[in-house]
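Engineer: Build me a model from this:
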Amino acid sequence: MDGFWLSLGLIFLAELGDKTQLVALTLATRFKALVVLWGVLVATLLVHLLSVALGGLSAHLLAPGWVELLSGLAFVAFGAWTLRGDTLDGEDAPARRLTSPFLIVFVTFFLAELGDKTMLGTVTLAAGQPTVGVWLGSSLGMVASDGLAIWLGQHLGKRLPERAVKLGAAAIFFLVGIVYAGQGLKKLGLF
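Structural biologist: Take a look at the predicted model:
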């Protein structure tokens, strides 16, 4: 399935140490892990469906060389964003008025994911890959990464070297970005 494996891997890595992963980890300290996982799954499927629709639309509006060049530059930016890191602030706290744990998780995660690098990464991937594969792969990568965070948060606490995870993920984003940008420049006859 075209786009599936690339999307799964890149979005899984993008989510490592991301704000929304911190949201999932935080929510798992308040609610049952399965409820958090279901809320994350439903929110992810919806956000990534919107993302692939935006990416697919942009692919029809731009020439392939430009799509790849802009995608490459976006992935380099995602690498820099990953190095900068994310923090969980008060704006991402769960809505206090909601009473259902599932709704709290869903709404919180959905809002935290809007405009996040994993959403933008999914848009970028969908601009150059088949949208169904990107949607399924990016959604699975996101849920797998957040599921891992929920499990690790409950079992290992803060023993994981966050800096090493961020450096590895950033390096992969830089590499993918350089490859995409190079392909775009080549198609445009600029390289």
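Engineer: pLDDT wise, what is the most centrally placed residue in the chain at?
Structural biologist: Nearest to the mean C-alpha position of the chain, counting by CA atoms, centre = their mean, stands Thr118 at 2.2 Å. pLDDT recorded at Thr118 is 90.
Engineer: which residues touch the nearest residue to it once chain neighbours are set aside?
Structural biologist: Using CB to CB, 6 or more residues apart in numbering and skipping residues adjacent in sequence, the residue nearest Thr118 is Ala14, 4.8 Å away. Any C-beta I mention is one placed from the backbone N, CA and C, and that applies to glycine too. Going by CB atoms under 8 Å, 6 or more residues apart in numbering, Ala14 touches 78, 82, 117-118, 121, 141, 169, 173.
Engineer: Following the lengthiest helix in the chain in sequence, what is the next regular element?
Structural biologist: Counting residues, the longest helix found in the chain (DSSP state H) is helix 33-61. Downstream of helix 33-61, the next assigned helix or strand under DSSP states H and E is helix 64-84.
Engineer: so that next one versus helix 33-61, what angle?
Structural biologist: Relative orientation of helix 64-84 versus helix 33-61 (axes from the mean of the first three to the mean of the last three CA atoms, to 10 degrees): 150 degrees.
Engineer: which parts of helix 64-84 are buried?
Structural biologist: Using 16 or more other CB atoms under 10 Å as the test for burial, helix 64-84 gives 65, 67-79, 81-82.
Engineer: What separates the first and last residues of stretch 119-138, distance-wise?
Structural biologist: Terminal residues of stretch 119-138 lie 9 Å apart, using CA to CA, to the nearest Å.
Engineer: Show me what counts as buried in that stretch.
Structural biologist: Applying 16+ other CB under 10 Å to stretch 119-138 flags 119-131, 133-138 as buried.
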